[in-house]
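**Student:** Just the structure for this:
(one chain, ligands or ions: 2)
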Amino acid sequence: MSGTTQKPTGAQKPTGVLVMSYGTPESLEGVEAYYTHIRRGNPPTAEQLEDLTDRYKTIVGGVFPLRENTNRQVEALQLTLDSIAGEGKYVCYQGLKHAAPYIEDGVAAMAADGIKEVVGIVLTPQYSAMSVGGYMKRAQEEADKRGISFVAVKEYHLHPELIDALSKRVQEGLSRFEDGAGANMLVLFSAHSLPAKVLEMKDPYQDQLLATSAAVAAAAGVQNWQFTWQSAGQTGQPWLGPDILETLEKLASEGVKRVLVTPVGFVSDHLEVLYDIDIEARKFAEERGIRLERIRMLNDDAQYMLAMADTVVKAVANEGADV
Ligand SMILES: CC1=C(CCC(=O)O)c2cc3nc(cc4[nH]c(cc5[nH]c(cc1n2)c(C)c5CCC(=O)O)c(CCC(=O)O)c4C)C(CCC(=O)O)=C3C
Ligand SMILES: [Fe+2]
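**Tutor:** Ligands and ions are numbered 1, 2, ... in the order given. All right, here's what the predicted structure looks like:
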């Protein structure tokens, strides 16, 4: 017994779970507003808009299923939390960085429902001050404004369920090559590049991505692997490299014939996966005699959901222990 007396307060309010992600447009018409938000209110040039719209058109063929994917992830996380913690303990809300419902909208919806305690988690496993840190800052500020206590899950990049889920996807991907992980074959882990100045900030992003990659390679029994960056922006500033196209060029010159691209920072079927890898990198690889395959993304994979649900529950328990 702890010895503390607790006054009955009626039904205990559930803990809110703010499930955050980058956000994706809802339609082709929505691309401009979305891009303008990413550019902090500066509308893209006509050329930039056309380029981005064309990339979306190519991957979705006119229909826009990307947001439904996020909705399914949030629903699946809810069901997983219900099953591991009991129904009514946690209620999930969505908060997107660059599209409605925005991060602030998610917190406002929780406040309207009388929720007093919130855990925030992002649909990406590794922490960077420039990515996850930005989501958490906005969520924390909105929670402070509304008198809600907020706990941030910074990362879950080595959660055993995540590593196991990814290693199964790697094994499945390798089985698509006729002789599995045979000769001239390489697993190429990848993640979204960031402006290189993050390195000066002692940002954990790169180390965490390498840690996830090494753990997945070990779990899948893969010896021949590398890590590379993808989807760098064109900002005039240097971004983290080497880029996946440079890496493929080098691998081709070394005689590599088969590559299994394994994105470890993205968990969903995003533009950067469906376009930058499946279309751009694949074409580039094929032109150099490399067959490129990619693991199936986790999306609402049961083990991935368990990794997040377990991380949320532990974040709440740790917070309680600190008080
Ligand atoms: C680290 C990181 C992640 C991974 C972590 C996380 O998931 O948060 C990520 C994810 C995503 N990025 C996405 C889309 C875009 N990102 C852009 C631009 C930028 N990304 C950046 C970083 C990241 N981005 C940065 C530093 C910029 C430069 C402008 C800025 O400082 O913000 C642009 C502008 C045009 C272009 O550059 O292509 C678009 C369209 C989508 C959704 C795509 C879909 O609809 O499926 C997702 C999941
Ligand atoms: Fe991005």
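
**Student:** Show me which residues of the stretch 201-323 of the chain are close to ligand 1?
**Tutor:** G233, G265, H270, L271 (CB under 6 Å from any ligand atom). In short, each C-beta sits where N, CA and C put it, glycine included.

**Student:** got a winner among these for most neighbours?
**Tutor:** Using other CB atoms under 10 Å as the neighbour test, those are led by G265, with 25 neighbours.

**Student:** quick one: pLDDT of the closest residue to that residue other than its chain neighbours?
**Tutor:** The spatially closest residue to G265, leaving aside those adjacent along the chain, is A191, at 3.3 Å (CB to CB, 6 or more residues apart in numbering). Note for A191: predicted pLDDT of 98.

**Student:** Name the residue of the stretch 1-150 of the chain with the shortest distance to ligand 1.
**Tutor:** T24 (2.9 Å; CB to the nearest ligand atom).

**Student:** Could you count how many residues lie near that residue?
**Tutor:** Neighbours around T24, by other CB under 10 Å: 23.

**Student:** Now do the phi/psi pair for it.
**Tutor:** phi -140, psi 150 (degrees, to the nearest 10).

**Student:** Now do the same contact list for it.
**Tutor:** By CB atoms under 8 Å, 6 or more residues apart in numbering, T24 lies in contact with Y34, L66, R67, T70, A99, H270, L271.

**Student:** Mind putting those into JSON lines with secondary structure, pLDDT and distance to L292?
**Tutor:** What follows is these, written out as JSON lines (DSSP: H, G, I helix; E, B strand; the rest coil; pLDDT from 0 to 100; distance: CB to CB, whole Å):
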{"residue": "Y34", "secondary structure": "helix", "pLDDT": "97", "distance to L292": "28"}
{"residue": "L66", "secondary structure": "helix", "pLDDT": "86", "distance to L292": "22"}
{"residue": "R67", "secondary structure": "helix", "pLDDT": "91", "distance to L292": "27"}
{"residue": "T70", "secondary structure": "helix", "pLDDT": "96", "distance to L292": "26"}
{"residue": "A99", "secondary structure": "coil", "pLDDT": "96", "distance to L292": "30"}
{"residue": "H270", "secondary structure": "coil", "pLDDT": "95", "distance to L292": "17"}
{"residue": "L271", "secondary structure": "helix", "pLDDT": "96", "distance to L292": "18"}
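
**Student:** Identify the residues contacting the lowest-mean-pLDDT helix or strand in the chain?
**Tutor:** When the helices and strands of the chain are compared on mean pLDDT, DSSP states H and E, helix 302-322 comes out lowest with a mean of 92. Residues outside helix 302-322 that contact it (CB under 8 Å, 6+ apart): 15, 17, 73, 76-77, 79-81, 84-85, 90, 117, 119, 121, 151, 153, 156, 159-162, 164-165, 168, 267, 298.

**Student:** Would you mind writing the ChimeraX command to select the buried ones in those?
**Tutor:** The buried residues among those can be selected in ChimeraX (16 or more other CB atoms under 10 Å) with this line:
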select :15,17,73,76,77,80,81,85,90,117,119,121,151,153,156,159,161,162,164,165,168,267,298
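
**Student:** from the contacts of helix 302-322, which ones fall inside helices?
**Tutor:** 73, 76-77, 79-81, 84-85, 160-162, 164-165, 168 (DSSP state H).

**Student:** Below-threshold pLDDT in this structure: ranges please.
**Tutor:** For the chain, residues meeting the criterion pLDDT under 70 lie at 1-11, 62, 179-182, 322-323.

**Student:** which ones are touching the residue sitting nearest the centre point of the chain?
**Tutor:** Nearest to the mean C-alpha position of the chain, counting by CA atoms, centre = their mean, stands T124 at 2.5 Å. By CB under 8 Å, 6+ apart, T124 lies in contact with S21, S131, V132, G265, F266, V267.
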